[in-house]
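> Test case, fold it:
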Amino acid sequence: MKPYLVAFQFLTIIPLPFKVNCEARDLGRSTAVFPLVGLTIGALLAGLNWLITPWLARPLADALLVTALAAVTGALHLDGLADVCDGIAARGGRERFLEVMKDSRVGAVGVVGIVLDLLLKWQALLAVPASIKMQALLFFPALARCAQVLAMTGARHARKEGLGAVFIQGTGNARLIAALALTLAAAFVLPPLTGLSAYVAVILLTVALRCYFQRRLDGLTGDVLGCISELAEIAALVVISIRFS
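Now for the predicted structure:
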């Protein structure tokens with residue numbers, strides 16, 4: 001239970017009615033249940049969808065769902081996406097990239113990245129057939145958090161300090177297998193071809209992004225993991241929106 005509570009505290013801003021003491025090794029252990037926290041977030045989105053769908057037009061309801069996702073997570077991963085976009089735009093070497101990502105200010109390219117991310121996520125969710133929308137809402141946050149575990153397992157950490165380094169050091173193959181297995185089981189809330197296609201697509205995307213950032217930065221950071229999570233959410237929704245039959 002403790003790994004789930006630690007992961008829940010880190011991945012959401014929803015307050016718990018009690019304090020959870022957390023040491024550095026607990027953060028690594030919690031990665032095994034990242035997808036379970038994603039399912040929790042998905043359940044909240046599905047519940048909100050059930051409440052507002054009878055009253056609102058689909059585009060407005062979906063925009064509110066995307067907003068709710070950003071709010072529940074404290075826009076944690078959006079911040080990482082913006083920092084990575086600014087780092088890429090700096091067009092420098094590794095040290096310049098890391099320096100720009102560490103800057104607390106968000107540049108113009110970072111803002112563009114956030115806007116495009118939210119726009120794509122909204123449109124992809126809007127394209128998901130109504131018949132499987134509830135299942136999609138439940139599944140795609142879990143798949144994106146599984147992508148984080150896949151990216152960080154066995155990776156080098158580009159910085160010695162920071163939460164990203166703690167997670168990367170603390171995870172391992174057993175936790176990755178648990179996360180992958182849990183997410184694979186969750187994929188079957190969707191029609192099998194749809195769920196498995198999204199699962200495979202996000203895994204391939206994550207492996208490609210991890211290889212790119214490992215080469216570019218000689219390791220990963222917390223911002224990079226947040227960026228990968230955001231792109232995984234978009235990719236999952238895009239694949240789920242495809243009509244396979």
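
> So which elements touch the lowest-mean-pLDDT helix or strand in the chain?
Least confident helix or strand of the chain, by mean pLDDT, DSSP states H and E, is helix 163-170 with a mean of 74. If you count contacts as 3 or more CB pairs under 8 Å, 6 or more residues apart in numbering; DSSP states H and E, helix 163-170 packs onto helix 24-30, helix 133-152, helix 222-241. All C-beta atoms are positioned from the backbone trio N, CA, C, and that covers glycine.

> what's the nearest residue to residue 7 if we skip its chain neighbours?
residue 30 (3.9 Å; CB to CB, 6 or more residues apart in numbering).

> where does the chain dip in pLDDT?
Applying pLDDT under 70 to the chain picks out residues 24, 162, 245.

> Point me to the residue sitting farthest from the middle of it.
Distance from the C-alpha centroid of the chain peaks at residue 55, with 28.9 Å (CA atoms, centre = their mean).

> Correct me if wrong, but that residue is in a strand.
No: counting by DSSP: H, G, I helix; E, B strand; the rest coil, residue 55 is not part of a strand but coil.

> Dihedrals phi and psi, it?
phi -110, psi -20 (degrees, to the nearest 10).

> again, but for residue 50
The phi/psi pair for residue 50 (degrees, to the nearest 10) is phi -60, psi -30.

> which residues sit in contact with the nearest residue to it once chain neighbours are set aside?
Once flanking residues are discounted, residue 50 sits nearest to residue 134: 7.3 Å by CB to CB, 6+ apart. Residues in contact with residue 134 (CB atoms under 8 Å, 6 or more residues apart in numbering) are 46, 49-50.

> again, but for residue 180
If you count contacts by CB under 8 Å, 6+ apart, then residue 180 has 146, 149-150 around it.

> Looking at these, spot the one nearest residue 225.
The closest of the contacts of residue 180 to residue 225 turns out to be residue 149 (CB to CB; 9.4 Å).

> In the chain, what residue spans correspond to strands?
Ranges of strands in the chain, per DSSP state E: none exist.

> And the helices in it?
2-11, 24-30, 34-52, 58-72, 76-89, 94-102, 108-127, 133-152, 163-170, 173-186, 192-217, 222-241 (DSSP state H).

> mind checking which of these is nearest residue 17?
Taking CB to CB, helix 2-11 is the member of the helices of the chain nearest to residue 17, at 11.1 Å.

> Counting neighbours, which bits of that closest one end up buried?
For helix 2-11, burial by neighbour count (16 or more other CB atoms under 10 Å) applies to 3-11.

> Serialize those to CSV and add fields for distance to residue 183.
Listed next are those as CSV, based on distance: CB to CB, whole Å:
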residue, distance to residue 183
3, 16
4, 15
5, 20
6, 19
7, 14
8, 17
9, 21
10, 18
11, 14
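
> Contact partners for the residue nearest to residue 103 when sequence neighbours are not counted?
Using CB to CB, 6+ apart and skipping the chain neighbours, the partner closest in space to residue 103 is residue 86 (7.4 Å). Taking CB under 8 Å, 6+ apart, we find residue 86 in contact with 100-101, 103, 106-107, 109-110.

> which among the residues you listed end up buried?
Buried, going by 16+ other CB under 10 Å: 100-101, 106-107, 109-110, out of the contacts of residue 86.

> Quick check: the farthest pair among those?
Greatest spatial distance in the buried ones among the contacts of residue 86: 101 and 109, 12.1 Å, computed using CB to CB.

> can you count the residues close to the closest residue to residue 129 other than its chain neighbours?
Setting aside the residues directly before and after it, residue 129 is nearest to residue 243 in space (CB to CB, 6+ apart), at 6.9 Å. Applying other CB atoms under 10 Å, we find 7 residues neighbouring residue 243.
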